[in-house]
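Undergrad: here is a sequence together with a model predicted from it:
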Amino acid sequence: MSDRRRMPNQEPKEFDEKVIQVSRVSKKTKGGNQIGFSVLMVVGDKKGKVGVGLGKAPDVLSAIKKGIKKAKKKMIDVPLDGTTIPFRMEIKEGAGRVLLKPAAKGTGVIAGGPVRAVVEAAGVRDISAKILGSENQSSSVYATFAALKRIQQIVAVRGIKLRSAADIEQAEKDKLQAIQQKAKAQADESRQAQQDKQKAVKKPKKKAVKKTAKKK
């Protein structure tokens, strides 16, 4: 018998779940005030899918479960151009207003907390964003989600062709290889010119022979 303890298989979660805001709400009834909670959730697979949902329940755990369920039902496919969004988008949704701009590879996510939570869950790795409207977290989340949804609609209507992350990496490799080849060719030309110059210096010059006119 082996003394090793068998641990239960822990499968990785298919979706990344983030709690954005927890609010305590109360409702007046005949029997008194009824206390409850509302939780705003962001759910995404970090591969181009993201959803936002608001769950309400008497306790926080139940509200989180409802929020996750609603977010999964409202998921959208975010079009990605490599690791960023295909074009700039500014949108106003309720009191929230955000500006999303594509960024070069390696830039990272330059955004506030609510916007960062949505774009990271969607799988956007390089983006520059700014909150222009209300600083309320829920307003910024809904505005960001609306901006990504609008980008999806524009890409679908116009038929914009997007590049995958693999295509961009291959293009960068080809570009780097071309630069290296060009630099090598220039170095070879410079080396050859230097060698030719050294040979010309070492080569002895022929003395000029003066010709004397013969006397008749």
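TA: Arrived safely, thanks for sending.

Undergrad: could you use CA atoms for every contact and neighbour count after this?
TA: Noted.

Undergrad: which stretches of this protein have low pLDDT?
TA: Within the chain, the stretches with pLDDT under 70 are 1-13, 164-172, 201-216.

Undergrad: try it again at 90.
TA: Scanning the chain for pLDDT under 90 picks out 1-16, 24-36, 45-48, 79-83, 93-96, 104-107, 111-114, 123, 133-136, 155-216.

Undergrad: report the central residue of it.
TA: residue 125 (2.3 Å; Cα atoms, centre = their mean).

Undergrad: and that one, that's in a helix?
TA: No: counting by DSSP: H, G, I helix; E, B strand; the rest coil, residue 125 is not found in a helix; it is coil.

Undergrad: separation between it and residue 111?
TA: Residue 125 sits 11 Å away from residue 111, going by Cα to Cα, to the nearest Å.

Undergrad: swap in residue 91?
TA: 15 Å.

Undergrad: please apply the same query to residue 157.
TA: 28 Å.

Undergrad: which of these two has more neighbours?
TA: A count of neighbours by other Cα atoms under 10 Å puts residue 111 above the other of residue 157 and residue 111, at 17 against 8.

Undergrad: shouldn't residue 22 be in contact with residue 40?
TA: Yes: using Cα atoms under 8 Å, residue 22 is in contact with residue 40, at 6.6 Å.

Undergrad: tell me which element residue 151 falls in.
TA: Applying DSSP states H and E as the criterion places residue 151 in helix 137-158.

Undergrad: tell me which other helices or strands that helix touches.
TA: The helices and strands touching helix 137-158, judged by 3 or more Cα pairs under 8 Å, 6 or more residues apart in numbering; DSSP states H and E, are strand 16-29, strand 49-57, strand 89-93, strand 96-102, helix 113-122.

Undergrad: residue 69 is nearest to which of these?
TA: strand 49-57 (7.5 Å; Cα to Cα).

Undergrad: what residues sit buried inside the helix or strand containing residue 62?
TA: Assigned by DSSP H and E, residue 62 belongs to helix 60-73. Buried residues in helix 60-73, counted by 16 or more other Cα atoms under 10 Å: 60, 62, 63, 64, 65, 66, 67, 68, 69, 70, 71, 72.

Undergrad: okay, the angle between that helix and strand 16-29?
TA: Counting by axes from the mean of the first three to the mean of the last three Cα atoms, to 10 degrees, helix 60-73 lies at 120 degrees to strand 16-29.

Undergrad: tell me the gap between stretch 117-136 and the middle of its chain.
TA: Computed by Cα atoms, centre = their mean, to the nearest Å, the chain-centroid distance of stretch 117-136 equals 10 Å.
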